[in-house]
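A.B. asks: Sharing a model prediction with you, sequence too.
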Amino acid sequence: MIKLQNLSKSYGSKTVLQNINLQFERGHVYGIVGKNGAGKTTLFRCIAGLEDYSGNIQSDKDRLKDHLGLLLTEPYFFPKITGAEYIRLLCNARDVKVDNLDQRNVFDLPLGQYAATYSTGMKKKLALTALLLQQNEYFILDEPFNGVDIQSNIVIVEIIRKLRELGKTVIISSHIFSTLSETCDEIHLLREGEIVRSVHEQEFASLEQEMKVDFVGGLVERILGSGQ
Ligand SMILES: Nc1ncnc2c1ncn2[C@@H]1O[C@H](COP(=O)(O)OP(=O)(O)OP(=O)(O)O)[C@@H](O)[C@H]1O
């Protein structure tokens, strides 16, 4: 369980997150949606302990960040570190032994190659592989499907479903609604730093419709004209 109470975050005078109150339970998958700049990544960075904030973040583990894997939108790798070295480094940090890495390399990554030279999608898959092998309890995946090929997307959906079955807590963001409705138990809509709507599975279709009206409005006509 991760519980956020009145979580707020500002950069200088700019408020990015305002009084977020959310609870994430074990064995559940949560989606966070919102426009570019709504505050999703900032929220994830606060939960992962990478940003200071006001409010409270509680969990059922003593040190949340020792059990949490954060997949960043654009994972960074030091130069001159191979994929295999990166995985071992992360697993060593958690005291987890990885046997038979070749067999566990489900995305067929060139693990002997420097990670910094991987393509965008390969970097994301390497970072995800390492987080999974670390055996985290909580997973925060910031746009896990973005930039990743269709086959891997299908595998990632199945991995998320399996993590739920294993009782893990998973929080994901995506700009593709169908990937969230396929995987999540609950979706929270973030608008300008505030959670404005939280819906369960039965209401996903109505949320998508509302978002279309809210986000698209008359924008298509504005750029393409009304066609008359
Ligand atoms: N280090 C920073 N300093 C100042 N402002 C920041 C910083 N990081 C993020 N912001 C601002 O906080 C707001 C939220 O950014 P954030 O990256 O959390 O949005 P997001 O919902 O993840 O967007 P996207 O969908 O584009 O990834 C934006 O207005 C952004 O400019």
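C.D. replies: Okay, I see it.
A.B. asks: which stretches of this protein form helices?
C.D. replies: Secondary structure of the chain (DSSP state H): helices at 40-47, 83-93, 101-104, 120-133, 150-165, 177-183, 204-216, 219-224.
A.B. asks: For the ones you listed, give me TSV that also has mean pLDDT, distance to Lys14 and mean neighbour count.
C.D. replies: No exception for glycine: its C-beta is placed from N, CA and C like everyone else's. Formatted as TSV, the helices of the chain follow (pLDDT from 0 to 100; distance: least, Cβ to Cβ, whole Å; neighbours: other Cβ atoms under 10 Å):
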stretch	mean pLDDT	distance to Lys14	mean neighbour count
helix 40-47	98	11	23
helix 83-93	97	33	18
helix 101-104	94	42	10
helix 120-133	97	29	22
helix 150-165	96	33	15
helix 177-183	92	27	18
helix 204-216	84	22	13
helix 219-224	85	25	9
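A.B. asks: can you tell me which of those comes nearest to Ser8?
C.D. replies: For Ser8, the closest of the helices of the chain is helix 40-47, at 9.3 Å, according to Cβ to Cβ.
A.B. asks: Only C-alpha atoms, please: export that closest one in PDB.
C.D. replies: In PDB, the C-alpha atoms belonging to helix 40-47 read as follows (Å, rounded to 0.1, in the frame of the first residue of the first chain):
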ATOM      1  CA  LYS A  40       2.300  12.900 -13.800                       C
ATOM      2  CA  THR A  41       6.000  12.600 -13.900                       C
ATOM      3  CA  THR A  42       6.400  15.000 -11.000                       C
ATOM      4  CA  LEU A  43       3.900  12.900  -9.000                       C
ATOM      5  CA  PHE A  44       5.900   9.800  -9.800                       C
ATOM      6  CA  ARG A  45       9.200  11.500  -8.800                       C
ATOM      7  CA  CYS A  46       7.800  12.600  -5.500                       C
ATOM      8  CA  ILE A  47       6.600   9.100  -4.700                       C
END
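A.B. asks: Show me what it packs onto, helices and strands only.
C.D. replies: With contacts defined as 3 or more Cβ pairs under 8 Å, 6 or more residues apart in numbering; DSSP states H and E, helix 40-47 has these neighbours: strand 2-11, strand 14-24, strand 28-33, strand 68-71, strand 138-142, strand 169-173.
A.B. asks: One more pass at 7 Å, please.
C.D. replies: Helices and strands touching helix 40-47, by 3 or more Cβ pairs under 7 Å, 6 or more residues apart in numbering; DSSP states H and E, are strand 2-11, strand 14-24, strand 138-142.
A.B. asks: dump the residue contacts of Gly112.
C.D. replies: 82, 84 (Cβ atoms under 7 Å, 6 or more residues apart in numbering).
A.B. asks: beta partners of the residue nearest the centre of the chain?
C.D. replies: The centre of the chain sits closest to Leu141, judged by Cα atoms, centre = their mean, with a distance of 1.9 Å. Beta-bridge partners for Leu141, by DSSP bridges, are Leu71, Ile172.
A.B. asks: Go through stretch 70-77 and flag the buried ones.
C.D. replies: 70-73, 75, 77 (16 or more other Cβ atoms under 10 Å).
A.B. asks: Val199 pairs with what?
C.D. replies: Ile187.
A.B. asks: Isn't it up against Ala205?
C.D. replies: No. Val199 lies out of contact with Ala205 (Cβ atoms under 7 Å); the separation is 9.7 Å.
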